[in-house]
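# No letters, just coordinates:
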């Protein structure tokens, strides 16, 4: 191969000097543009800050007024929060219900009452979850011993004269309390009656029934529910109460 041909192939295999020198120039141009934009933004920010500071120095009373308003607002919110917490603590410690009052409640308010009684007993996370698609759980709570409670509420406006809680109601609770909701203790609470077959089914399936008589003792006293029920599981974790 002639020297000229080899020289031609070598020249064709690498970019020309002109093409190589264009790219660094473009990059430097973009970098310069970004640096210029950053400098302009920084200058504008400094000018804005200086302007605001000078305005506030000239109108110092505005800053003072804003500080006073913020302090009063924050203090008021903190006071209301503390007062609400104190009232809630007093209310839950002294919470009592008589059966006629429970009978007169709407069924959702009855669920609220059961939730509040669990909170009174020390279940700080007690929550009403009843509603459409609740899968048999109206109230969930964790007691101070770490046990998970799942409670189904059956309110009867007519109290003991209303329809009795039967085995089908217990079957729903039995089918979802442990498998779906992870219950350690599954309970059905009613202000009405419970049929004898339902009580027997509950015993067989390790369910707990809080009938009208047990509810009266629990709601009007200060003993936690687990002290009124038999054969509850042992604590999950040691506590100051155990």
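Looks like it arrived, so ask away. No experiment lies behind these values; they were computed from the predicted model shown.

# model confidence over the longest helix belonging to the chain, on average?
Secondary structure assigned by DSSP state H gives helix 17-58 as the longest helix of the chain. The average pLDDT for helix 17-58 rounds to 78.

# how much distance is there from that helix to the middle of the chain?
Offset of helix 17-58 from its chain centre (CA atoms, centre = their mean, to the nearest Å): 46 Å.

# quick one: contacts of stretch 213-232?
96-99, 102, 113, 117-118, 121-122, 143, 145, 147, 185, 187, 189-191, 206, 208, 210 (CB atoms under 8 Å, 6 or more residues apart in numbering). The way it works is simple: take the backbone N, C-alpha and C, and place the C-beta from them, glycine included.

# separation between residue 168 and residue 155?
Note on residue 168: its distance to residue 155, by CB to CB, to the nearest Å, is 17 Å.

# Those two: who's more crowded?
Between residue 168 and residue 155, counted using other CB atoms under 10 Å, residue 155 has the larger neighbour count: 22 against 9.

# is it true that the more buried one touches residue 105?
Yes: at 6.8 Å, residue 155 counts as touching residue 105 under the criterion of CB atoms under 8 Å.

# Now do the domain split for the protein, please.
Split into domains by automatic domain parsing, the chain comes to 3-43, 59-93, 99-228.

# Of all the ones you listed, which one comes closest to residue 49?
domain 3-43 (10.6 Å; CB to CB).

# show me where the protein has strands.
All strands of the chain, identified by DSSP state E, fall at 127-128, 139-142, 148-154, 185-190, 208-210.

# Each with direction, which strands does the last one pair with?
Based on DSSP bridges, the pairing partners of strand 208-210 within the sheet are strand 185-190 (parallel).

# Quick one: mean pLDDT for the strand it pairs with?
96.

# neighbouring contacts of it?
114, 147-156, 165, 169-170, 173-174, 177-178, 194, 202, 206-212, 215, 225-226, 229, 232-233.

# now those residues: which count as buried?
114, 147-156, 165, 169-170, 173-174, 177-178, 194, 202, 207-212, 215, 225-226, 232 (16 or more other CB atoms under 10 Å).

# rewinding a little: looking at the domains of the chain, which is nearest to residue 50?
Residue 50 lies closest, by CB to CB, to one member of the domains of the chain: domain 3-43, at 10.6 Å.

# Count the neighbours of residue 122 for me.
With other CB under 10 Å as criterion, residue 122 counts 17.

# Kindly report the same for residue 235.
By other CB under 10 Å, neighbour count at residue 235 equals 16.

# same deal with residue 73?
By other CB under 10 Å, 10 other residues sit near residue 73.

# how close does it get to residue 66?
Residue 73 is 10 Å from residue 66, by CB to CB.

# dump the residue contacts of residue 96.
Per CB under 8 Å, 6+ apart, neighbours of residue 96: 219, 220, 221.

# Hmm, I typed the wrong one, I wanted residue 114.
Counted by CB under 8 Å, 6+ apart, residue 114 has contacts 128, 138, 139, 151, 153, 189.

# The last one pairs with what?
Listed by DSSP bridges, the beta-bridge partners for residue 189 are residue 153, residue 210.

# In this structure residue 129 contacts residue 141, no?
No: using CB under 8 Å, residue 129 makes no contact with residue 141, being 10.3 Å away.
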